[in-house]
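Engineer: Build the 3D model from these lines:
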Amino acid sequence: MSKQIGVLRAATTAAAAIAFVVSWSSGFLVPAIATEDVSPLTLLVWRFVPLAVVLLVVVLTTGAAREVARADVRRQALIGHCAQFGYCTAVYAAVAEGVATGTTALIDAVQPLVVAMLVGPLLGLRVRGAQWIGLLVGAVGVLLVVRSQLEDSTAHPAAYLWPALAMACLIIGTFLQRRSASRTGTLVTLTIHVTATALALVVVAAVFGVLAPPASTAFWAAAGFAAAFPTLTAYGLYWWLLRRIGITALNALLFLVAPTTAAAGALLLGEPLTIVTLLGFALCGAGVAIVLTSDTRGTRVPDSPVPAAGRAQ
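Structural biologist: Got it, this is the predicted structure:
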């Protein structure tokens, strides 16, 4: 029975990981496709505001946040400002400045190496030698995937600071979440993050005079898609997987976002896709496999219960 439960847990985690990579990748494509005739900030506002209202209604009617302390709300609001407001606005700004979607994803994909260097001093965790090898293999794959995009880019060099800022914001939010005791479930956590982000976006958009949305059907379709997949699905799975598989394995999955984004960019936006790109895909997959396999072998405890801090909520 325990073996069957283990297989089911592994299958669930694998399905969640695939859904995470696909939905997170879509977040780079939405601003490239949907912001030609509208400010990226306007799309961001209406990506988050309606979703915040829906999530608040769900949480309040179900009583999911009944026992959540104010300190936890403040902590999660801070994490949301880093991981969603800071990250998403920087990504949208990068795309608006002409940085290719795959290139933006590439710079963000450096995050696993930064995290691997920081988990020791900040979290007291050890990254094993095999994991370092996997992370480096994945990094080489990511560089190959977007090499042609970097050569063809017409964006100003300063524009590449935006994806670097996005990466920094997500790293800060991830470490803050990993270091905090898990007192809120995934639904409540996501609700606080989305609401805090929506409020900040409304203020910023109002200051810049881009708060009012257009009446086009295409705009609302893009906003609805962005709310459902890059926000609700991707971020929900990000925090769920953080508790399920740990910070190193989760960040290894981000290596797959760059090649996935590059492949979608080639199909939808005509961005370059070459033999070198395909080789990069293979290296990314190999790097992730090494990290995940090493992480599983290093943490497997037969028939042991899941500790409360790591249990999915």
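Engineer: so where's the stretch 1-150 of the chain uncertain?
Structural biologist: 1-6, 112-113, 116-117, 119-125, 146-150 (pLDDT under 70).
Engineer: Mind jotting down where the helices sit in it?
Structural biologist: 2-34, 40-62, 70-80, 87-96, 101-109, 111-123, 129-145, 147-152 (DSSP state H, counting those that start in this stretch).
Engineer: Looking at these, which one is packed in the most?
Structural biologist: Comparing the helices of the stretch 1-150 of the chain by mean neighbour count (mean count of other Cβ atoms under 10 Å), helix 101-109 ranks first with a mean of 29. For the C-beta atoms, the positions are set from N, CA and C on the backbone; glycine is no exception.
Engineer: For it, name the packing helices and strands.
Structural biologist: helix 2-34, helix 87-96, helix 129-145, helix 147-152, helix 161-179, helix 257-269 (3 or more Cβ pairs under 8 Å, 6 or more residues apart in numbering; DSSP states H and E).
Engineer: same thing but at 10 Å, please
Structural biologist: Applying 3 or more Cβ pairs under 10 Å, 6 or more residues apart in numbering; DSSP states H and E, one finds that helix 101-109 contacts helix 2-34, helix 87-96, helix 129-145, helix 147-152, helix 161-179, helix 257-269, helix 275-299.
Engineer: Could I get those helices in JSON lines, plus columns for distance to Val115?
Structural biologist: Listed next are those as JSON lines, based on distance: least, Cβ to Cβ, whole Å:
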{"stretch": "helix 2-34", "distance to Val115": "15"}
{"stretch": "helix 87-96", "distance to Val115": "14"}
{"stretch": "helix 129-145", "distance to Val115": "9"}
{"stretch": "helix 147-152", "distance to Val115": "23"}
{"stretch": "helix 161-179", "distance to Val115": "6"}
{"stretch": "helix 257-269", "distance to Val115": "14"}
{"stretch": "helix 275-299", "distance to Val115": "11"}
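Engineer: Minimum distance to Gly80: which of these has it?
Structural biologist: For the helices and strands packed on helix 101-109, proximity to Gly80 was assessed by Cβ to Cβ; helix 161-179 is nearest, at 7.5 Å.
Engineer: and the angle for the closest one with helix 87-96?
Structural biologist: With axes from the mean of the first three to the mean of the last three Cα atoms, to 10 degrees applied, the angle from helix 161-179 to helix 87-96 works out at 160 degrees.
Engineer: Compute the distance between the residue nearest to Ala226 when sequence neighbours are not counted and Cys88, please.
Structural biologist: Distances taken as Cβ to Cβ, 6 or more residues apart in numbering put Arg47 closest to Ala226, at 4.1 Å, once the chain neighbours are dropped. Applying Cβ to Cβ, to the nearest Å, the value for Arg47 to Cys88 is 8 Å.
Engineer: any residues in contact with both of these two?
Structural biologist: Common neighbours of Arg47 and Cys88 (criterion: Cβ atoms under 10 Å, 6 or more residues apart in numbering): 27, 31, 197, 201, 226, 230-231.
Engineer: I'd like to know which of those is nearest to Ala71.
Structural biologist: Nearest to Ala71 among the shared contacts of Arg47 and Cys88, counting by Cβ to Cβ, is Thr197 at 19.7 Å.
Engineer: Who are the contact partners of that closest one?
Structural biologist: Counted by Cβ under 10 Å, 6+ apart, Thr197 has contacts 44-45, 47-49, 51-52, 77, 80-89, 231, 235.
Engineer: Likewise for Val59?
Structural biologist: 65-66, 68, 185, 187-188, 190-192, 195.
Engineer: so what's Ala249 scoring on pLDDT?
Structural biologist: Per-residue confidence (pLDDT) for Ala249: 81.
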